[in-house]
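Trainee: Compute the structure for the input listed below.
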Amino acid sequence: MDNEESEPLSVGQKDCLVEMERGVTLAWKDVTVNTLVASKKGSASEGKKLLDKVTGLALPGSLLAIMGSSGAGKSTLLNTLLFRHLQEVQVEGTWTANGEVMTPQKMTGLSGYVQQDDLFIGSLTVREHLVFQAMVRIDGSVTMKEKMIRVETVMEELGLTKSKNTFVGIPGRLKGISGGEKKRLSVACEVLTNPPILFLDEPTSGLDSYMASSVVDSLKKLALQGRTIICTIHQPSSLIFSRFDQLLLLAGGRTAFLGEAKLAKEFFHRCGHAYPENYNPADHLLEVLNQRKGDSEKAVENICDAFQASTEHTYLGDLVETELHKKKEFSDNSGTDSQYRATWFLQFMALLWRNTLIFKRDPKLFKIKLLNTLAVALIYGVLYFQQELTQLGVMNINGALFVAVINLSFSNLYPVMTIFATEMPVFMREHMNGMYRVDTYFFSKQLVMLPVFLIQPVMFMSVLYWLAGLYPDSYKFFNSILIMILLTQVVLGVGYMMSCAFRLDIALTLTSFLTTPLMLVGGFYLNKGSVPVYLSWLRYFSWYYYAFEALMINQWSGVNQINCMIPETSFNSSSLLSTQPGLYLPNEEDPLLIELEKGKGNGCLDSGAKVLDFYDFPQDNLVFDLLYLSLMAVLIRFVALCSLWFKTWRRKH
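Mentor: Model prediction:
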């Protein structure tokens, strides 16, 4: 009779029931976590107990909320089940999925994890962000068309369709989606791969009541599709509390209650903590469990003891015991030996696409940088405009060449360090989640940024070279451009290396400290022959030196005549040279002057060869300088890549 009167199930309801049957039940028994305290002898001993024999389970098709006061063990339990941050603690206990004992790789293949803080590339739209996630997180055997269909489906499920073309946003720079939409976008990224288990750490943190409610409603819909949803939550509203299917209450690392959320009221009433009327049940529970000194702390212990002795706990223990030994088939993404679901090539192409979008939309990386380069080149060109081949012209031309080296060094070194370091948190999270390799990220970043750092030195030298009146020869002009391109690539490599090896603040401080001595031995401020022997090795690390030497050889080789006459206007009566000649005019017995006259005829630099001899730059060194700069660019990048690899390895271990 009941069957005849009951309404038939819809297609959607049938699908949900099928999904629940195929879902994954996560069970854990006697999970105990202790901190490790290092002794003086180097061994580690047990410290504070973070979790004390916590037992429980989460069912497919249900939303399990973990609640408790600060320090109760909510995040510890979540991280333990996910095998995260377990290096500094001692863990005991067992947890299984459909009866199969979990390992880190299996858990990664079965679950998605939405962390508390949202990290995004703000210059991407919602859809672009999800497309990238689909490209690197969905198995490579799935076609691109199917991935795009999955993206559209997930956006519709989580209410992101209306904002799909809106930028995620950068606080203070680029207006974007709301906080609730960002949280739903974080959930969408995990749901793309259709994991049977979804973990969330404080998904409503920082949101107003409406946004928090919309996020929880989205989680409830995902649970009804057959997923197992487990989340920690802090101070939920009464409306949100009513959405919970299961509730786990922790206090001091112990279980205070686990069961249907609506039954918590009855259990706490039995323990002598009746619900006040017209009061948020979540607030009441947390108030009771908030650990304080004296009687309140004892009351919390009594609640945990009461649950341990209750029929609810006995029933729970039987269920968990059954689940621990029940074998049930489920779809597992952890069967592959690799932690990455996309191939190396697919990862590289996805990162290349994303980095190109970021690069195009950041004006500081493209438009402003090129305009700044053009403006600086024009200023330098006007200051050094059409220098003549005189003694003063030689000094000015040499100054222009060294200023060009310094400008391209400083204008690229610090901005690249800042850009690379800013994206480091996003990279670290995505890499740790198994989305892409270190080398695919590094090489794609290099390739996308290459065009602008090829255009910049070409633009700079094209303006300065002809305005300053450097050697009027097309071969030498293109040589100077090649030198500046190689210099730029070396500087970029140094920027990558420092930002990969250190935090941004440390990298900036160290770079400022190291670049000064390298600049001083660059050949302009300090002659190579006068550098102390014990500091001469610095020259081998100075890109300033090799770039400046190459530019000088390129400029002065082949110049056979330089005017030795010094204009009288250079020594007017107001000049320090005329008022204090003893301080500034060379002494006839000066060793440097004697050396010049013995080896080079006289003190006048009347040819390009003498200019190079004065600076101690051998004319045959041009090819060597070019090769050395090329080698530096490659080796420094290799060190940068190794530094990035080491940073991720240290984070994992």
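Trainee: which SS state does residue 646 fall under?
Mentor: helix (DSSP: H, G, I helix; E, B strand; the rest coil).
Trainee: And for it, the neighbour number?
Mentor: 13 (other Cβ atoms under 10 Å). (C-beta placed from N, C-alpha, C; glycine too.)
Trainee: and it, how far is that from residue 379?
Mentor: According to Cβ to Cβ, to the nearest Å, residue 646 and residue 379 sit 42 Å apart.
Trainee: got the buried residues for the longest strand seen in the chain?
Mentor: If you go by DSSP state E, the chain has its longest strand at strand 44-58. Within strand 44-58, the residues that qualify as buried are 49-52, 54-58, counting by 16 or more other Cβ atoms under 10 Å.
Trainee: swap in stretch 341-357?
Mentor: 341-342, 346-351, 354-355, 357.
Trainee: now swap in stretch 55-74 and tell me
Mentor: So, applying 16+ other Cβ under 10 Å, buried residues of stretch 55-74: 55-69, 72-74.
Trainee: Among these, which ones are in helices?
Mentor: residue 74 (DSSP state H).
Trainee: one step back: export the buried residues of strand 44-58 to CSV and tack on pLDDT and distance to residue 551?
Mentor: CSV is the format used below for those (pLDDT from 0 to 100; distance: Cβ to Cβ, whole Å):
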residue, pLDDT, distance to residue 551
49, 84, 67
50, 87, 62
51, 90, 65
52, 87, 70
54, 90, 69
55, 90, 73
56, 90, 70
57, 91, 72
58, 92, 67
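Trainee: Could you dump these into a markdown table and include distance to residue 170?
Mentor: What follows is the buried residues of strand 44-58, written out as a markdown table (distance: Cβ to Cβ, whole Å):
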| residue | distance to residue 170 |
| --- | --- |
| 49 | 42 |
| 50 | 36 |
| 51 | 38 |
| 52 | 43 |
| 54 | 40 |
| 55 | 44 |
| 56 | 40 |
| 57 | 42 |
| 58 | 36 |
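Trainee: List just the nearest of those to residue 502.
Mentor: residue 50 (31.9 Å; Cβ to Cβ).
Trainee: That closest one and residue 167, how far apart?
Mentor: 40 Å.
Trainee: got a list of what the residue nearest in space to the middle of the chain touches?
Mentor: The centre of the chain sits closest to residue 424, judged by Cα atoms, centre = their mean, with a distance of 1.9 Å. By Cβ atoms under 8 Å, 6 or more residues apart in numbering, the residues touching residue 424 are residue 499.
Trainee: any idea how far residue 50 is from it?
Mentor: 29 Å.
Trainee: got it, and residue 472?
Mentor: From residue 472 to residue 50 the distance is 75 Å (Cβ to Cβ).
Trainee: Sketch out the low-pLDDT regions of the stretch 251-400 of the chain for me.
Mentor: 291-296, 327-338, 363-365 (pLDDT under 70).
Trainee: Which parts of it are strands?
Mentor: Remark: strands assigned in the stretch 251-400 of the chain by DSSP state E, counting those that start in this stretch are 254-260.
Trainee: Please enumerate the helices of it.
Mentor: 264-270, 281-289, 295-308, 311-325, 344-361, 367-383, 391-422 (DSSP state H, counting those that start in this stretch).
Trainee: Repeat that for the stretch 51-200 of the chain.
Mentor: With DSSP H, counting those that start in this stretch as the criterion, the stretch 51-200 of the chain has helices spanning 74-81, 104-110, 126-137, 144-157, 179-191.
Trainee: Let me have the ones you listed in JSON lines, extended by distance to residue 455.
Mentor: As requested, those are exported to JSON lines (distance: least, Cβ to Cβ, whole Å):
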{"stretch": "helix 74-81", "distance to residue 455": "47"}
{"stretch": "helix 104-110", "distance to residue 455": "42"}
{"stretch": "helix 126-137", "distance to residue 455": "25"}
{"stretch": "helix 144-157", "distance to residue 455": "32"}
{"stretch": "helix 179-191", "distance to residue 455": "35"}
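Trainee: Which of those has the lowest mean pLDDT?
Mentor: Lowest mean pLDDT within the helices of the stretch 51-200 of the chain: helix 104-110, a mean of 84.
Trainee: who does that helix touch, helix- and strand-wise?
Mentor: Packing partners of helix 104-110 (3 or more Cβ pairs under 8 Å, 6 or more residues apart in numbering; DSSP states H and E): strand 89-97.
Trainee: Can you give the distance from the strand it packs on to the centre of its chain?
Mentor: Mean-position distance between strand 89-97 and its chain equals 30 Å (Cα atoms, centre = their mean, to the nearest Å).
Trainee: between that strand and helix 74-81, what angle do the directions make?
Mentor: Relative orientation of strand 89-97 versus helix 74-81 (axes from the mean of the first three to the mean of the last three Cα atoms, to 10 degrees): 70 degrees.
Trainee: Any idea which of the helices of the stretch 51-200 of the chain gets closest to residue 403?
Mentor: helix 126-137 (41.4 Å).
Trainee: Next, the angle from that closest one to helix 344-361.
Mentor: 160 degrees.
Trainee: what's helix 126-137 packed up against?
Mentor: Against helix 126-137 (3+ Cβ pairs under 8 Å, 6+ apart) you get helix 144-157, helix 179-191, helix 344-361.
Trainee: Serialize these to a markdown table and add fields for distance to residue 201.
Mentor: Converted to a markdown table, the helices and strands packed on helix 126-137 look like this (distance: least, Cβ to Cβ, whole Å):
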| stretch | distance to residue 201 |
| --- | --- |
| helix 144-157 | 20 |
| helix 179-191 | 10 |
| helix 344-361 | 25 |
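Trainee: low-confidence ranges in the stretch 551-653 of the chain?
Mentor: If you take pLDDT under 70 as the line, the stretch 551-653 of the chain has these spans: 565-603, 653.
Trainee: and of the helices and strands packed on helix 126-137, who's closest to residue 78?
Mentor: Closest to residue 78 of the helices and strands packed on helix 126-137, according to Cβ to Cβ: helix 179-191, at 14.0 Å.
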